[in-house]
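Novice: Sequence first, predicted coordinates after that:
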Amino acid sequence: MPGNNATLTQVRAALEHEPRVGLHRCPFEVDLDSDGTLTLEGEAESIAAKKLALELAASVPGVGGIVDRLRVVPAKRMGDGAVRDHVRAALLEESALDNCGIAVRVKDRLESFRAPTATPPAYIEVAVEDGVVTLNGQVASLSHKRLAGVLAWWVPGSRDVVNGLDVVPPEGDTDDEISDAVRLVLEKDPFVNPDRMHISTRDCVVTLDGFAVNQKEKEMAEMDAWYVFGVDRVINRLEGLS
């Protein structure tokens, strides 16, 4: 249909004109069905590229819905078993999750590695398929949910993280909650010193101000912010000290 062709052309143009999406460096498939459902499929070069691509595509008139099949190029290619083991170990080693039960699912088999001790019970089930980590279960707060998701993203072989953790009891989300979560993640990253950084959030858009010791730290701080569940965009205004 002519209308669909025009919409698809606009989507591709929007993606190509955003350098952070990196469509020329790391191309992925973009298809539009007759009902206006857009499918993005393939590998994006980073979590930032993935989220920006989804945001840009959704903003194009004529796009009625999006099927997200975008994965992120992993820092290291790993088998599902290795990714699962690394995620499990990261969750077990995180002191903030000491009260959470941790289990992994392999096909139809669920193997428990720690029983929950909190009331109501908090538990995280980890499954991995084709490098995509899925977290299911329930935790006590949004900060726990976000931290678990980032720990999964930090595993070098992760290509995507589907964070299906419920928060029990339910907790309202705010921009301040997101800022606190980003601050927590930066404090836990051994390669980032957040003492010189200021984090602010407005309408799920995180802004990083302050200083980074070098370009590498600046980039890592930004990626950490992108990994946080609920962050739609990151504005990196960190200045280099060197």
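Specialist: Received the coordinates, thanks.
Novice: Could you report the neighbour count for Val35?
Specialist: Rather than Val, residue 35 is Asp. Applying other CB atoms under 10 Å, we find 8 other residues in the vicinity of Asp35. Where C-beta positions appear, they are placed from N, C-alpha and C, glycine not excepted.
Novice: My guess is Ala115 contacts Asn99. True?
Specialist: No: assessed by CB atoms under 8 Å, Ala115 is found out of contact with Asn99, at 10.2 Å.
Novice: between those two, who's got more neighbours?
Specialist: Counting neighbours by other CB under 10 Å for Ala115 and for Asn99 shows that Asn99 has the greater number, 16 against 11.
Novice: Torsion angles phi and psi at that one?
Specialist: Backbone torsions for Asn99, taken as degrees, to the nearest 10, come to phi -90, psi 0.
Novice: who's in contact with it?
Specialist: Asn99 makes contact with 116-118, 122, 140, according to CB atoms under 8 Å, 6 or more residues apart in numbering.
Novice: what's the spacing between it and Gly64?
Specialist: According to CB to CB, to the nearest Å, Asn99 and Gly64 sit 43 Å apart.
Novice: do Trp154 as well
Specialist: For Trp154 relative to Gly64 (CB to CB), the value is 35 Å.
Novice: Looking at these two, which has the bigger crowd around it?
Specialist: Ranked by neighbour count (other CB under 10 Å), Trp154 and Gly64 place Trp154 first, with 19 against 12.
Novice: For that one, give me its contacts.
Specialist: Going by CB under 8 Å, 6+ apart, Trp154 touches 90, 227.
Novice: in the chain, which helix has the most residues?
Specialist: Longest helix in the chain, counting residues (DSSP state H): helix 2-17.
Novice: which residues are in contact with it?
Specialist: Contacts of helix 2-17 (CB under 8 Å, 6+ apart): 21, 23-24, 30-34, 36, 38, 53, 56-57, 59-63.
Novice: do that again at 7 Å, thanks
Specialist: Contacts with helix 2-17, where a contact means CB atoms under 7 Å, 6 or more residues apart in numbering, come from 21, 23, 30, 32, 34, 38, 53, 56-57, 60, 62-63.
Novice: Mind checking which of the residues you listed are in helices?
Specialist: Filtering these for helices - DSSP H - leaves 53, 56-57.
Novice: okay, and for this structure, where does confidence drop off?
Specialist: Along the chain, segments meeting pLDDT under 70 span 1-3, 241-242.
Novice: May I see the buried residues of stretch 159-170?
Specialist: 159-161, 163, 165, 167 (16 or more other CB atoms under 10 Å).
Novice: could those residues go into JSON lines alongside secondary structure?
Specialist: As requested, the buried residues of stretch 159-170 are arranged in JSON lines below (DSSP: H, G, I helix; E, B strand; the rest coil):
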{"residue": "Arg159", "secondary structure": "coil"}
{"residue": "Asp160", "secondary structure": "strand"}
{"residue": "Val161", "secondary structure": "strand"}
{"residue": "Asn163", "secondary structure": "strand"}
{"residue": "Leu165", "secondary structure": "strand"}
{"residue": "Val167", "secondary structure": "strand"}
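Novice: Tell me what Val133 is bridged to.
Specialist: Val128, Val161 (DSSP bridges).
Novice: cool, and Asp31?
Specialist: Counting by DSSP bridges, the residues bridging with Asp31 are Thr39.
Novice: So what touches the host helix or strand of Val234?
Specialist: Here Val234, judged by DSSP states H and E, is contained in strand 233-240. The contact list for strand 233-240 (CB under 7 Å, 6+ apart) reads 48, 55, 197, 205-212, 214-215, 218, 221-222, 225-226.
Novice: Mark out where each domain of the chain begins and ends.
Specialist: Domains of the chain are assigned by automatic domain parsing as 2-72, 80-167, 175-240.
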